[in-house]
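Trainee: Give me a 3D structure for the following:
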Amino acid sequence: MELSEPLLEEAGDQSEYGRPHDFVSIAERFAPGDEPGAPREWLLAHVEALTEESGYDEEAFRTSLAEVTTDSETWVDDRAVYEVGGDRLSAYPPAWHETIGGSTSLVEIVRYLLDESNYQPITGGAGDGVTERDLFDVASAVGGFTREEAKAALEECREDGTLAEDADQHPRAKVYPPESDVEPDARPE
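Mentor: Numbers count the residues shown, from 1 in each chain. Down below sits the predicted model:
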């Protein structure tokens, strides 16, 4: 099985990717094939390689992955890993892949997440909207963007007024449609 060097490099540099949801989210960007998610055995081969290279705890990861994996079709929370067909796993539920899979519209993705998906991040901080990090992760794992393309598209959307965002300095800036009922988070003091 061929390993993805970019995945190993990015995940090895970031301790936060030791959490199954976060690791699967990044792995989806590098996964083989055009189907949603990433093959389970391919994921675990990368965790094994990271155990040897970066000190990951493979046994703890496997245990945690088994605990958080669900067959739910819809959003559970931002710790869950979803079965999306066959032996493939995703950080996002099958309904998201069916509805916004391959989308190249950040506005469409944000509206779906806020209005239809039951998206409620546990780790996203206070306030309404989609965290910038979650938006980039979803756009690159489910939508038709790379992370760099999503960042550039968000800047364009902010400039043309189709999306609004909390102040750039906000540690967990939220993105939302400007005409929504969402109130921007207060600036930290």
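
Trainee: Tell me the secondary structure of the residue nearest the centre of the chain, please.
Mentor: Per CA atoms, centre = their mean, the C-alpha nearest to the average position across the chain is that of Asp137, at 3.3 Å. Three-state call for Asp137 (DSSP: H, G, I helix; E, B strand; the rest coil): helix.

Trainee: Sketch out the low-pLDDT regions of this protein for me.
Mentor: The model of the chain has pLDDT under 70 over residues 14-18, 121-127, 167-171, 180-189.

Trainee: Helices of that one, residue ranges please.
Mentor: Per DSSP state H, the chain carries helices over the ranges 5-13, 20-28, 40-54, 58-68, 94-100, 106-115, 132-141, 147-160.

Trainee: Find the one among these with the highest mean neighbour count.
Mentor: When these are scored by mean count of other CB atoms under 10 Å, the highest mean neighbour count falls to helix 20-28 (a mean of 24). Every residue, glycine included, has its C-beta placed from N, CA and C.

Trainee: Just want the angle from that one to helix 40-54.
Mentor: With axes from the mean of the first three to the mean of the last three CA atoms, to 10 degrees as the basis, helix 20-28 and helix 40-54 are set at 100 degrees to each other.

Trainee: Just the angle for helix 20-28 relative to helix 132-141, thanks.
Mentor: Here helix 20-28 points in a direction 40 degrees away from that of helix 132-141 (the same axes, to 10 degrees).

Trainee: which other residues reach helix 20-28?
Mentor: Outside of helix 20-28, the residues within contact range by CB atoms under 8 Å, 6 or more residues apart in numbering are 4, 7, 10-11, 16-17, 36-38, 42-43, 46-47, 61, 64-65, 68-69, 78-81, 89-92, 137, 140-142.

Trainee: Ser72 and Pro93 touch, don't they?
Mentor: Yes. Between Ser72 and Pro93 there is a contact at 6.0 Å, judged by CB atoms under 8 Å.

Trainee: Next, show the common contact partners of the two.
Mentor: Common neighbours of Ser72 and Pro93 are listed as Ala80, Tyr82 (criterion: CB under 8 Å, 6+ apart).

Trainee: Neighbour count for the two, which is higher?
Mentor: Between Ser72 and Pro93, counting by other CB atoms under 10 Å, Pro93 is the more crowded of the two (25 against 13).

Trainee: thinking that one is in contact with Tyr82, fair?
Mentor: Yes. Using CB under 8 Å, Pro93 makes contact with Tyr82 at a distance of 4.7 Å.

Trainee: Show me the common contact partners of these two, please.
Mentor: Each of Ser72, Val76 lies in contact with both Pro93 and Tyr82 under the rule CB under 8 Å, 6+ apart.
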